[in-house]
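Undergrad: Pasting a predicted model and its sequence here:
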Amino acid sequence: MENTSTPGFYKLENGNLFCATKVVDAPAYTLIAENKDDYTYPVDGWHWFNSEEEAYISFGIPNPNSNP
């Protein structure tokens with residue numbers, strides 16, 4: 001089983017879960033991990049989660065890295 005405790009910004013888009021552990025840099029905004037508590041989520045679909053597993057649970061999708 002892969003490490004699923006990765007904290008970071010997560011976004012679900014078209015069924016794909018994206019993760020940025022330190023920075024999300026977009027034309028209209030920049031999200032920085034050190035400032036994660038300062039943002040009002042979601043920001044363009046991005047959320048902060050303390051682990052990949054939390055992201056899967058919150059988005060309501062199965063974690064392919066989990067054992068059944």
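TA: All right, it came through fine.
Undergrad: so what's the most centrally placed residue in the chain scoring on pLDDT?
TA: In the chain, the residue lying closest to the centroid (CA atoms, centre = their mean) is Tyr10, at 1.5 Å. Note on Tyr10: pLDDT of 98.
Undergrad: Just say helix, strand or coil for it.
TA: strand (DSSP: H, G, I helix; E, B strand; the rest coil).
Undergrad: wait, isn't it in contact with Leu17?
TA: Yes - with contact defined as CB atoms under 8 Å, Tyr10 reaches Leu17; the gap is 6.2 Å. For glycine as for every other residue, the C-beta is placed from the backbone atoms N, C-alpha and C.
Undergrad: Can you show me the strands along the chain?
TA: Ranges of strands in the chain, per DSSP state E, are 8-13, 16-20, 23-26, 29-32, 47-49.
Undergrad: Now do the same contact list for the residue nearest to the centre of the chain.
TA: Leu17, Phe18, Cys19, Trp46, His47, Trp48, Phe49, Glu52, Ala55, Phe59 (CB atoms under 8 Å, 6 or more residues apart in numbering).
Undergrad: Just the closest of the residues you listed to Ser66, please.
TA: Glu52 (9.9 Å; CB to CB).
Undergrad: If you tally nearby residues, what's the number for the closest one?
TA: When neighbours are counted by other CB atoms under 10 Å, Glu52 registers 21.
Undergrad: Surely it and Ile61 touch.
TA: No - with contact defined as CB under 8 Å, Glu52 does not reach Ile61; the gap is 11.4 Å.
Undergrad: joint contacts of the two?
TA: With CB under 8 Å, 6+ apart as the test, Glu52 and Ile61 both reach Leu17.
Undergrad: Surely Gly8 touches Ala20?
TA: Yes - the pair Gly8 / Ala20 is scored as a contact, 5.7 Å apart, by CB under 8 Å.
Undergrad: When these two are compared, which one has more neighbours?
TA: Gly8 (22 against 15).
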